[in-house]
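S.K.: okay, sequence plus prediction incoming.
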Amino acid sequence: MKDEIKKKVSKSELRRMKRQCTKRNNKLQRGTPWYFFDFFVFMLTVATFAFAARAVIVEPVRVRGSSMEDTLYEGDYMVVEKLSYLIREPKRGDIVIIWYPNYDEFTCVKRVIGVGGDHVVMKSGENGYVSVNGVILDEPYISSMNVHDRDEVVPEGCVYVLGDNRTVSKDSSNDLVGNIPVQNIVGRVCCIAWPAERISSVG
């Protein structure tokens with residue numbers, strides 16, 4: 001009986017039936033609804049990872065204003081990494097993104113001049129200078145040295161920050177800003193990412 005059935009089913013018919021079965025299986029396993037669902041899950045995973053990386057690891061930030069010239073210019077895109085200060089304290093010379101105390105609407109970029117316990121002295125005038133713990137700083141990066149007279153000790157858990165363009169910078173030398181709590185630091189600027197001709201590390 002089986003032999004008779006086999007004889008009645010031609011080879012071409014078997015191939016056609018096989019193609020139909022394969023097509024049906026593909027439709028069930030990789031049908032259009034499932035394909036779009038898989039694509040959506042993939043894109044959601046990529047987006048989640050990107051947002052998490054931006055919030056926790058690195059973030060591109062555009063420079064606003066001229067307070068860090070000639071190191072950073074308005075319109076530059078800098079890369080801010082956010083992991084360093086989870087394992088170490090900020091150090092002198094770091095360029096950081098900070099929140100001003102009592103101001104929540106924007107961040108700014110400044111250079112760390114002093115850390116907790118440092119004695120910072122600033123002298124204005126033609127021969128003005130900044131000293132930390134009795135040592136006058138060599139600051140080839142500054143655009144202008146116009147500073148206010150200051151003489152203070154940085155509280156523990158805080159940093160003393162200045163802009164490189166001190167004529168226009170609103171920083172720790174301003175009584176409205178003062179010392180910055182370490183928890184107000186968003187991250188450390190590690191490099192300039194754009195424009196292409198200015199790509200370089202900073203700090």
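M.R.: Sure thing, it's come through.

S.K.: need the contact list for the closest residue to Glu59 other than its chain neighbours.
M.R.: Distances taken as Cβ to Cβ, 6 or more residues apart in numbering put Val80 closest to Glu59, at 5.0 Å, once the chain neighbours are dropped. All C-beta atoms are positioned from the backbone trio N, CA, C, and that covers glycine. Going by Cβ atoms under 8 Å, 6 or more residues apart in numbering, Val80 touches Val58, Glu59, Pro60, Val61, Ile97, Val186, Gly187, Arg188, Val189, Cys190.

S.K.: any idea how far the last one is from Leu72?
M.R.: Here the criterion is Cβ to Cβ, to the nearest Å. By it, Cys190 lies 12 Å from Leu72.

S.K.: overlap in contacts of the two?
M.R.: Val202.

S.K.: if we can go back for a sec, what about the residue nearest to Glu59, distance to His148?
M.R.: 28 Å.

S.K.: same question, Ile192
M.R.: Ile192 sits at a distance of 29 Å from His148 (criterion: Cβ to Cβ).

S.K.: now do the helices in the chain.
M.R.: Under the criterion DSSP state H, helices of the chain are mapped to 2-8, 11-29, 32-56, 84-87.

S.K.: Ile142 against Asp164, yeah?
M.R.: Yes - using Cβ atoms under 8 Å, Ile142 makes contact with Asp164 at a distance of 5.1 Å.

S.K.: can you tell me the centre-most residue of this protein?
M.R.: Glu59 (2.4 Å; Cα atoms, centre = their mean).

S.K.: tell me the pLDDT at it?
M.R.: We have a pLDDT of 78 for Glu59.

S.K.: right, and it touches Lys82 too?
M.R.: Yes - counting by Cβ under 8 Å, Glu59 does reach Lys82; the two are 7.1 Å apart.

S.K.: now stretch 188-203: buried residues?
M.R.: Arg188, Val189, Cys190, Ile192, Ala193, Val202 (16 or more other Cβ atoms under 10 Å).

S.K.: I meant stretch 141-153, not that one.
M.R.: Buried residues in stretch 141-153, counting neighbours by 16+ other Cβ under 10 Å, are found at Ile142, Ser143, Met145, Val147, Arg150, Glu152.

S.K.: separation between the fourth one and Asn127?
M.R.: As defined by Cβ to Cβ, Val147 lies at a distance of 12 Å from Asn127.

S.K.: now do stretch 162-170: everything it contacts.
M.R.: Contacts of stretch 162-170 (Cβ under 8 Å, 6+ apart): 65-72, 108, 110-111, 113, 130, 139, 141-147, 171-173, 176-177.

S.K.: try 10 Å
M.R.: For stretch 162-170, contacts defined as Cβ atoms under 10 Å, 6 or more residues apart in numbering pick out 65-72, 95, 100, 108-114, 120, 122, 124, 128, 130, 137, 139, 141-148, 161, 171-173, 176-177.

S.K.: quick one, which of the residues you listed are buried?
M.R.: Among the contacts of stretch 162-170, those classed as buried by 16+ other Cβ under 10 Å are 65-69, 71-72, 95, 100, 108-114, 120, 122, 130, 142-143, 145, 147, 161, 171-173, 177.
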